[in-house]
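**Q** model this:
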Amino acid sequence: LLASVSAGAYCSGVKEKNIVPVLKHFVCNDQEHERVAYDAILTQRALREIYLLPFQIAIRVSRPQAIMTAYNKSNDIHAPRIIQHILRDEWKWEGLVMSDWFGTYSTTKAMQAGLDLEMPGPTKWRGASLSHAL
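**A** Here you go, the predicted model:
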């Protein structure tokens, strides 16, 4: 809980200087080695009580404008269920969701998940790929 309160306070301070804070890495980003290929296998209880709770509290405290996704998968999926169903639908969060640098792996799944911004530009999975997918 200390991490969530600290992150929330930090984001609030950054916002006071008219800078957009970005909470990251959403979610289950708990290792650096092979972090792009890592798949966090965990129960819903562990996901909610250990990994999501700090983000949920930090979002409530500071209302940041943006969140950056993690590279890793969670239970064999790159964040879609978590972004759309928990962050957006359940928590009613309406801010920007961006990928980490080169952390977008598909067109339609990323769009369906609620990813707003593929980083960095120019995009690989949007543009022509998105037009074809639609």
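**Q** longest helix in the protein, by residue count?
**A** Longest helix in the chain, counting residues (DSSP state H): helix 2-16.
**Q** Contacts for that helix next, please.
**A** Outside helix 2-16, the residues that touch it by CB atoms under 8 Å, 6 or more residues apart in numbering are 20-21, 23, 53-62, 64-65. For every residue, glycine as well, the C-beta is placed using N, CA and C.
**Q** Can you flag which of these belong to strands?
**A** Among the contacts of helix 2-16, the ones falling in strands (DSSP state E) are residue 23.
**Q** May I see the PyMOL selection of the buried members of the contacts of helix 2-16?
**A** This is the PyMOL syntax for the buried subset of those, where burial follows 16 or more other CB atoms under 10 Å:
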select buried, resi 21+23+54+55+56+57+58+59+61+62+64
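**Q** of the contacts of helix 2-16, closest to residue 30?
**A** Nearest to residue 30, judged by CB to CB, of the contacts of helix 2-16 is residue 54 at 11.7 Å.
**Q** got a pLDDT number for the residue nearest the centre of the chain?
**A** Nearest residue to the geometric centre of the chain (CA atoms, centre = their mean): residue 69, 2.9 Å. Looking at residue 69, its pLDDT reads 88.
**Q** which residues touch it?
**A** Listed by CB under 8 Å, 6+ apart, the contact partners of residue 69 are 24-26, 78-79, 83, 97-100, 103, 115.
**Q** Could you provide the residues you listed in TSV, with additional columns for secondary structure?
**A** Shown next, in TSV, are these (DSSP: H, G, I helix; E, B strand; the rest coil):
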residue	secondary structure
24	strand
25	strand
26	strand
78	coil
79	coil
83	helix
97	strand
98	strand
99	coil
100	coil
103	coil
115	coil
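**Q** most surrounded residue in those residues?
**A** residue 79 (27 neighbours; other CB atoms under 10 Å).
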